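**Student:** Requesting a structural model of the entry that follows:
(one chain, ligands or ions: 1)
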Amino acid sequence: MAYNLLKGKKGIIFGALNDMSIAWKVAERAHEEGAEFVLTNTPVALRLGTLNELAEKCSAQIIPSDATNLDDLEKLISGAMEILGGKIDFILHSIGMSPNVRKGLPYDRLNYDYYQKTLDISALSFHKVLLVCRKLDAISDWGSVVALSYVAAQRTLYGYNDMADAKSLLESIARSFGYIYGRDKKIRVNTISQSPTMTTAGSGVKGIDRLLDFSDRMSPLGNATALECADYCITLFSDLTRKVTMQNLFHDGGFSSMGMSLRAMTQYDKSFRDCMGDGD
Ligand SMILES: NC(=O)c1ccc[n+]([C@@H]2O[C@H](COP(=O)([O-])OP(=O)(O)OC[C@H]3O[C@@H](n4cnc5c(N)ncnc54)[C@H](O)[C@@H]3O)[C@@H](O)[C@H]2O)c1
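**Tutor:** Residues are numbered from 1 along each chain as shown. Take a look at the predicted model:
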């Protein structure tokens, strides 16, 4: 259902690769809610993915850019203002990639060049987007910037590897820049910590199917889907959340507040009995 929450608002959406991407769902929902926006991704992603299809569906233009490259970002942000005819009201940063995860290098045997790439792509790019926007005075007062994070920023989850460090940094950047941008321009900066979700980036995480199952069973409301994440993003882009800033907002069905559930306790008892040889 659409509520016209973003009527008249202009945005930039980073990170839609294909129709599984969280950013794809955000773009579809933002379009339904009346927003106009520019879509962006790297030239390689544009070749490998299906962003043109989304652009057509949402009547949006695409500007290619590598979010780690300041020149690309300047071209993107000034180009978006030109296309949309004014300042930007909302930005989605939906970008993540770890060459260490891709190459299967475990945390105690990381390649440091890859590690720096992970941090640059998945966290510093958020700082760079905010920095270039500020330099170009590109975001309207009370604008809203959201990046997507994961609970591995706070807790160790097997297999998430150096992406956990990137997410911690990402969340810290949201607080540090949120202070400066809030103080000077009333611009909101937040991260949403989303449930594990089956996307191209998600499927790179070791044991993602078991992680998805575990967190689904452990969360009282079950895992949040990509579409539900998109709904939450829309509320943060809307005028209904004008005083929310510098927050990491968990969108995970309650997972991050759980320790032990009745279901897990029952399963634990059962496996423990089996292990001790007195199970049935
Ligand atoms: N899928 C999950 O389980 C999950 C859970 C929590 C948070 N997240 C986060 O959500 C965000 C979106 O990921 P997704 O799951 O939709 O996967 P996805 O693979 O669809 O999206 C990741 C995007 O990052 C883009 N990207 C990579 N390098 C880039 C660069 N240098 N410049 C610009 N874009 C670049 C990719 O092209 C891709 O579009 C990521 O930040 C991810 O960490 C995902």
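**Student:** from here on, contacts and neighbour counts on C-alpha atoms
**Tutor:** OK.
**Student:** and Phe14, what does it touch?
**Tutor:** Ala23, Leu39, Thr40, Asn41, Ile91, Leu92, His93, Ser94, Ile95 (C-alpha atoms under 8 Å, 6 or more residues apart in numbering).
**Student:** same deal with Leu136?
**Tutor:** Here Leu136 is in contact with Ser78 (C-alpha under 8 Å, 6+ apart).
**Student:** List phi and psi for it.
**Tutor:** phi -90, psi 0 (degrees, to the nearest 10).
**Student:** What score does it have for pLDDT?
**Tutor:** pLDDT recorded at Leu136 is 98.
**Student:** ok so, going back, can you narrow the contacts of Phe14 to ones near the ligand?
**Tutor:** Ala23, Asn41, Ser94, Ile95 (C-alpha under 6 Å from any ligand atom).
**Student:** how near is the first one to Leu148?
**Tutor:** Think Ala23. 10 Å (C-alpha to C-alpha, to the nearest Å).
**Student:** same deal with the second one?
**Tutor:** Counting by C-alpha to C-alpha, the gap from Asn41 to Leu148 is 15 Å.
**Student:** just the last one next, same as before
**Tutor:** For Ile95, the distance to Leu148 under the criterion C-alpha to C-alpha works out to 8 Å.
**Student:** More neighbours: which of the two?
**Tutor:** Shown here are Ile95 and Leu148; by other C-alpha atoms under 10 Å, Leu148 has more neighbours (24 against 21).
**Student:** and this protein, which residues reach the ligand?
**Tutor:** So the chain meets the ligand at 15-17, 21-23, 41-42, 45, 66-68, 94-97, 121, 148-150, 193-202 (C-alpha under 6 Å from any ligand atom).
**Student:** so of those residues, which ones are in helices?
**Tutor:** Ile22, Ala23, Ala45 (DSSP state H).
**Student:** and those residues, which are buried?
**Tutor:** Ile22, Ala23, Ala45 (16 or more other C-alpha atoms under 10 Å).
**Student:** residues in contact with Ile32?
**Tutor:** Residue 32: Glu, not Ile. Ala2, Asn4.
**Student:** Without its sequence neighbours, what residue ends up closest to Leu76?
**Tutor:** Ile63 (6.0 Å; C-alpha to C-alpha, 6 or more residues apart in numbering).
**Student:** My guess is the one you found contacts Leu39. True?
**Tutor:** Yes - with contact defined as C-alpha atoms under 8 Å, Ile63 counts as touching Leu39 (6.5 Å).
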